[in-house]
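**Student:** Make a model of this:
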Amino acid sequence: QVQLVESGGGLVQAGGSLRLSCVASGSIFSIGPMGWYRQAPGKQRELVASITSGDSTNYPDSVKGRFTISRDNAKNTMYLQMNSLKPEDTAVYYCNADVRLSSGGPYYRYWGQGTQVTVSS
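**Tutor:** From the prediction side, this is the model:
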């Protein structure tokens, strides 16, 4: 089994910063693409940032220039540095990872349980 655990969420004022972490553990052979998503009340889950195993990144326009995704493959950990936070960034943030459990095997997608980020105005 594989578990993803997020941490680093909390309450911050507009203009502030937070750094989220996502640690993957369990029977992991390798990790492919990873990503951060968020879901605000009454809204659909949306992509916030993604990163490949080769460190190529992708961001939607809503966070580009403010958020930075990174990963430490040796620690099976992914980060999301969030700067210049806005009230509209308030949501539950989820991480996901495509994990290979054995050499040559398929990738399976796993999700974390989410961490709340609240930005006050």
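
**Student:** Give me the most central residue, this protein.
**Tutor:** W36 (2.8 Å; C-alpha atoms, centre = their mean).

**Student:** Who is that one paired with across the strands?
**Tutor:** A49, C95 (DSSP bridges).

**Student:** Do I have it right that it meets Y94?
**Tutor:** Yes: using C-beta atoms under 8 Å, W36 makes contact with Y94 at a distance of 7.2 Å. Heads up, the C-betas are built off the backbone N, CA and C, glycines and all.

**Student:** if we can go back for a sec, residues contacting the residue nearest to the centre of the chain?
**Tutor:** Taking C-beta atoms under 8 Å, 6 or more residues apart in numbering, we find W36 in contact with L20, C22, L47, V48, A49, S50, I69, M78, L80, Y93, Y94, C95.

**Student:** Need the pLDDT of it.
**Tutor:** At W36, the pLDDT value in this model is 98.

**Student:** residue ranges of the strands in this structure, please?
**Tutor:** In the chain, the strands defined using DSSP state E lie at 2-7, 10-13, 18-26, 30-39, 46-51, 57-58, 67-72, 77-82, 91-100, 107-111, 115-120.

**Student:** do you know how far the residue nearest to the centre of the chain is from D55?
**Tutor:** 15 Å (C-beta to C-beta, to the nearest Å).

**Student:** do E46 as well
**Tutor:** On the measure of C-beta to C-beta, E46 and D55 end up 22 Å apart.

**Student:** Who has more neighbours out of the two?
**Tutor:** A count of neighbours by other C-beta atoms under 10 Å puts E46 above the other of E46 and D55, at 13 against 10.
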